[in-house]
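Peer 1: no sequence on hand, only this structure:
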């Protein structure tokens, strides 16, 4: 049971959810006037880090469908 809580597939889902949340936060922060550029840059930097982590984890897990 504990294996499912810490599986790479679960971690991938969590990273994708956090990435989607950051997308939403960035969109919302960009609509506000005046926008806080420092906060916006930090959110974007975190989103890029998550994207890199997602890509690395997807490589480890391998392709979904055979080519």
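Peer 2: Nice, thanks for sending it over. Bear in mind that the values here come from a model prediction, so they are computed numbers and not experimental data. Numbers count the residues shown, from 1 in each chain.

Peer 1: skip the chain neighbours and tell me the closest residue to the spatially most central residue of the chain.
Peer 2: With distances taken as C-alpha atoms, centre = their mean, the residue of the chain nearest its centroid is residue 19 (2.7 Å). Of all residues beyond its chain neighbours, the one nearest residue 19 is residue 50 (4.5 Å), with distances taken as C-beta to C-beta, 6 or more residues apart in numbering. All C-beta atoms are positioned from the backbone trio N, CA, C, and that covers glycine.

Peer 1: let me know how buried the one you found is, in neighbour terms.
Peer 2: Here the number of neighbours of residue 50 (other C-beta atoms under 10 Å) works out to 20.

Peer 1: buried stuff in the helix or strand that contains it?
Peer 2: Taking DSSP states H and E as the definition, residue 50 sits inside helix 37-61. Neighbour-count burial for helix 37-61, counted by 16 or more other C-beta atoms under 10 Å, picks out 43, 47, 50, 54.

Peer 1: so for that helix, mean pLDDT?
Peer 2: For helix 37-61, the mean pLDDT works out to 93.

Peer 1: what's the answer for stretch 8-22, then?
Peer 2: Across stretch 8-22, pLDDT averages out at 95.

Peer 1: circling back: reformat the buried residues of helix 37-61 as JSON lines; add distance to residue 11.
Peer 2: Rendered in JSON lines, the data for the buried residues of helix 37-61 read as follows (distance: C-beta to C-beta, whole Å):
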{"residue": "43", "distance to residue 11": "21"}
{"residue": "47", "distance to residue 11": "17"}
{"residue": "50", "distance to residue 11": "11"}
{"residue": "54", "distance to residue 11": "10"}
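
Peer 1: which among those gets closest to residue 10?
Peer 2: Each of these was checked against residue 10 using C-beta to C-beta; the closest is residue 54, at 13.1 Å.
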